[in-house]
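from the sequence below, what's the structure:
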Amino acid sequence: MLSSRPGTALRSRVERAQCARILREVRKRPVPHHVAIIMDGNRRFARKGGGLSTDGHLMGRDKLEEVLEWCLELGIRVLTVYAFSTENFKRDDEEVQLLMDLFERNYYRLADDPRVHKHKIRFRTIGKKELLPERVRAAAEHAEEVTRDHDQYHFNVAVAYGGREEILNAVRRISEEVRAGRLTTDEIDEELFSSHLYTNELPDPDLILRTSGEERISNFLLWQLAYSELYFSDVFWPGLRKKEFLRAIQAYQKRQRRFGGDTGAGVVGKNGGTVRSAVDVAEADKPH
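Sure thing, here's the model as predicted:
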């Protein structure tokens, strides 16, 4: 055990130096305004280390706080994370209960966090909130209320969220307005449709990061990601290090965004990370 400490300390110093170098490079270019993250791999990370799934969720919570600090350091104004999908309700009852307890505690914790108020971070929950237990909804509403007037940064947690359900909900609401005569079909355009989504007050994400090595969207922000850059990291969410996060930002910066034009080749990041535009992914997935 003692003999391993010098090596660990050396690796830590080397990584800090690498992070400092990458950070200097990142600060030379504009950073994404809105980063969205699919936080995948909590349970697998815990099992790999011989722990329980519950341990993985707690470590994932701690990692999220760390990533929020990184976003503040870089001046990334909007962070949206995919914490719990509508499909996740199908998991074991004990795990779902644990996650609901975790959400409730963390919402109150966030509302009282002095960093949130110092940096004027506005908090929102997006998703089908009626599916959540009343106590969780109350905690989320409390955090939203105490940060309502904050306007420097925005932190959004997608809970009981599904991209298809969000789109269906928007269609239903627009249909009701047409039926009631408050809206005509000629008035329906992309801007109006976007205004009926859960994310109606937010800009579309510039960069979507997914951990765990999976290269799919998993029903997250399906409408909003049309021109987002997608970065896939091989590491599990609790194991995401600052160096890898900075590489994702750096890969985004190297990407020439064309919003539907000739997109060119995707950027391949180190450590297995790749960045592709949503347009590229859609084209690649078409049958040929």
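
you'd agree residue 249 is in a helix?
Yes - judged by DSSP: H, G, I helix; E, B strand; the rest coil, residue 249 forms part of a helix.

burial check on the closest residue to it other than its chain neighbours, number of neighbours?
Leaving aside its sequence neighbours, residue 249 sits nearest to residue 26 (CB to CB, 6 or more residues apart in numbering; 5.3 Å). Where you see a C-beta, it was placed from the backbone N, CA and C, and this is true even at glycine. Look at residue 26: counted by other CB atoms under 10 Å, it has 19 neighbours.

mind listing what residue 26 touches?
By CB atoms under 8 Å, 6 or more residues apart in numbering, the contact set of residue 26 is 74, 246, 249, 250, 253.

again, 6 Å this time
246, 249, 250 (CB atoms under 6 Å, 6 or more residues apart in numbering).

starting at the chain centroid, how far to the helix or strand containing residue 171?
In this assignment (DSSP states H and E), residue 171 forms part of helix 163-179. Distance of helix 163-179 from its chain centroid, counting by CA atoms, centre = their mean, to the nearest Å, is 24 Å.

list the buried residues for it?
For helix 163-179, a neighbour-count test (16 or more other CB atoms under 10 Å) marks 163, 165, 166, 170, 174, 177 as buried.

who's in contact with the fourth one?
When contacts are counted by CB under 6 Å, 6+ apart, residue 170 is found next to 196, 197.

among the contacts of residue 26, who's most crowded?
Within these, most neighbours by other CB under 10 Å means residue 249, with 25 neighbours.

how close does that residue sit to residue 67?
The gap separating residue 249 from residue 67 is 12 Å, by CB to CB, to the nearest Å.

swap in residue 100?
For residue 100 relative to residue 67 (CB to CB), the value is 22 Å.

between those two, which one's more packed in?
Between residue 100 and residue 67, counting by other CB under 10 Å, residue 67 is the more crowded of the two (21 against 17).

what about residue 91, neighbour count?
14.

and the pLDDT for it?
We note a pLDDT of 94 for residue 91 in this prediction.

by mean pLDDT, flag the weakest helix or strand of the chain.
Using mean pLDDT, DSSP states H and E, the weakest-scoring helix or strand in the chain turns out to be strand 267-268, at a mean of 39.

circling back: what's the distance between the helix or strand following the helix holding residue 171 and the middle of its chain?
Following helix 163-179 in sequence order, the next helix or strand is helix 190-194 (DSSP H and E). Here the centre of helix 190-194 is set off from its chain's centre by 22 Å, with CA atoms, centre = their mean.
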